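Participant: Output the structure for:
(4 chains)
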2 protein chains.
Amino acid sequence: MQRTGAAPRTDTRSRVQKVALELFAEQGYEKTSLREIAERLGVTKAALYYHFRSKEDIVHSFTDDYFDAIDAVIDWGKAQPPGDATRREIFDRYITIVLAGAEVFRFIEQNRASMQSMDSVKERFGRFRSRLDTMVDLIAGPDGPLRDRVRAAAALFAASTTCMHFWGTETDVDDLRAIIFEIATDLTS
Amino acid sequence: MQRTGAAPRTDTRSRVQKVALELFAEQGYEKTSLREIAERLGVTKAALYYHFRSKEDIVHSFTDDYFDAIDAVIDWGKAQPPGDATRREIFDRYITIVLAGAEVFRFIEQNRASMQSMDSVKERFGRFRSRLDTMVDLIAGPDGPLRDRVRAAAALFAASTTCMHFWGTETDVDDLRAIIFEIATDLTS
DNA sequence: GTCTATAGACGGATAGAC
DNA sequence: GTCTATCCGTCTATAGAC
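Facilitator: Okay, here's the model as predicted:
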């Protein structure tokens, strides 16, 4: 059976994304050079520049989807009537995203400083910046008491950090999801 | 009144620490050059090398105290009989440390990747590495059920991240402390 | 689409004068 | 304790051949 479709034959681009994400998350964005990524793939640096405009561009290629997903949750939440059911649904969707993009999320956690200096330069102004505040507003209300706001933030932080911390261990994903969801509702009931 | 004591007159060393911590936390460890730190202080790079052996050494100079404090809590916890009272005391001490060293903690959070590649090189093996696992063992027991372990981790993560997130705002520290403590006990009762 | 070669800049660190 | 001057390594990015 011969290949006939329009699918790329080598798909170097996605291989670059995969390796870059691994290395960036593992040893950090700044400490990982394009030379290292190229070597790992058996190509040269110049080849990377055919697929991506810059080193930062590689990052954007796998973070954009992630942030779009978060934005979708925020937009959905804004359109809903505030209340306990909406809150639960926001957490459910949020946890799904974090679990699905755990490796991307781990990269972000490990490279907070690098991320922040990226968006300050570029026109993607608030792309990497406190979406979290918006979600806190959504959960605790913009004028809610401090306790509610701190607990909402804690729920979101706890969800993402525990997910990241237990991801990749022998832990069952569905068990983890249930436990995290319980934590989030306990903190914002 | 003339100075007579043994106190250093200029105390460049501590000024370096202060500026470095600020810049490292703000824009990242790798992105901050020694030239930049020196310029901000009105001295030259070479002057920094009189006070510190290397760039990493500056980091260690303000993280060592922090980690020693965490270790002290761990050691104390290990010597106590497991139970609810010990748990509460661990959280209380932990929150105190995090609140007191909020800026150092923020630096660590922002530069996770850089931190991890430091201790892998040096003889300070686990210095920056999962102390957190040890604390989870202390709180949930080494063989506790997954739910307890995840919740213990969540409590610790929540404490440190919310502390960092609300630190520097107009939030009252004692209010914050009480709220965080409540979260921690809610999650591990 | 991938290569070689290189430009161009900046980093950490050291030597040695003062 | 701070300076000037410099070494040497590495990095991102580009030009241009194949």
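Participant: what residues does chain A put near chain B?
Facilitator: A:27-31, A:109-114, A:116-117, A:132, A:146-147, A:150-151, A:153-155, A:157-158, A:161-162, A:165-166, A:171, A:175-176, A:179-180, A:182-183, A:186-187 (Cβ under 8 Å from any Cβ of the partner chain). C-betas here are computed from N, CA, C, even on glycine.
Participant: Can you name the helix or strand that the residue nearest to A:Ile139 when sequence neighbours are not counted falls in?
Facilitator: Nearest residue to A:Ile139, sequence neighbours excluded (Cβ to Cβ, 6 or more residues apart in numbering or on different chains): A:Ala152, at 4.1 Å. Secondary structure assignment for A:Ala152, by DSSP states H and E: helix A:146-166.
Participant: Quick one: work out the angle between the helix or strand that that helix is followed by and helix A:146-166.
Facilitator: Following helix A:146-166 in sequence order, the next helix or strand is helix A:173-188 (DSSP H and E). Angle of helix A:173-188 versus helix A:146-166, following axes from the mean of the first three to the mean of the last three Cα atoms, to 10 degrees, is 170 degrees.
Participant: and helix A:173-188, how far out from the chain's middle?
Facilitator: 19 Å (Cα atoms, centre = their mean, to the nearest Å).
Participant: For that helix, output the C-alpha coordinates as PDB.
Facilitator: In PDB, the C-alpha atoms belonging to helix A:173-188 read as follows (Å, rounded to 0.1, in the frame of the first residue of the first chain):
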ATOM      1  CA  VAL A 173      -5.800   9.600  35.700                       C
ATOM      2  CA  ASP A 174      -9.400   9.200  36.500                       C
ATOM      3  CA  ASP A 175      -8.700   8.600  40.200                       C
ATOM      4  CA  LEU A 176      -6.600  11.800  40.200                       C
ATOM      5  CA  ARG A 177      -9.300  13.700  38.400                       C
ATOM      6  CA  ALA A 178     -11.900  12.800  41.000                       C
ATOM      7  CA  ILE A 179      -9.600  13.700  43.900                       C
ATOM      8  CA  ILE A 180      -8.700  17.000  42.400                       C
ATOM      9  CA  PHE A 181     -12.300  17.900  41.600                       C
ATOM     10  CA  GLU A 182     -13.200  17.100  45.200                       C
ATOM     11  CA  ILE A 183     -10.500  19.400  46.500                       C
ATOM     12  CA  ALA A 184     -11.700  22.200  44.300                       C
ATOM     13  CA  THR A 185     -15.300  21.900  45.400                       C
ATOM     14  CA  ASP A 186     -14.300  21.600  49.000                       C
ATOM     15  CA  LEU A 187     -12.500  24.900  48.800                       C
ATOM     16  CA  THR A 188     -15.200  26.800  47.000                       C
END
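Participant: Give me the contact list for it.
Facilitator: If you take Cβ atoms under 8 Å, 6 or more residues apart in numbering or on different chains as the criterion, helix A:173-188 is touched by A:87-88, A:91-92, A:95-96, A:99, A:139-140, A:148, A:151-152, A:154-156, A:158-159, A:162-163, A:166-167, B:146-147, B:150-151, B:154, B:158, B:183, B:186-187.
Participant: could you say what helices and strands the helix or strand of chain A with the lowest mean pLDDT packs with?
Facilitator: In chain A, the helix or strand scored least confidently by mean pLDDT, DSSP states H and E is helix A:112-121, which has a mean of 83. Judged by 3 or more Cβ pairs under 8 Å, 6 or more residues apart in numbering or on different chains; DSSP states H and E, helix A:112-121 is in contact with helix A:55-79, helix B:12-27, helix B:102-110.
Participant: is it anywhere near DNA strand D?
Facilitator: No: using Cβ under 7 Å from any atom of the strand, we find that helix A:112-121 stays clear of DNA strand D, coming within 10.8 Å at best.
Participant: If anything else comes up later, I'll come back, but that's it for now.
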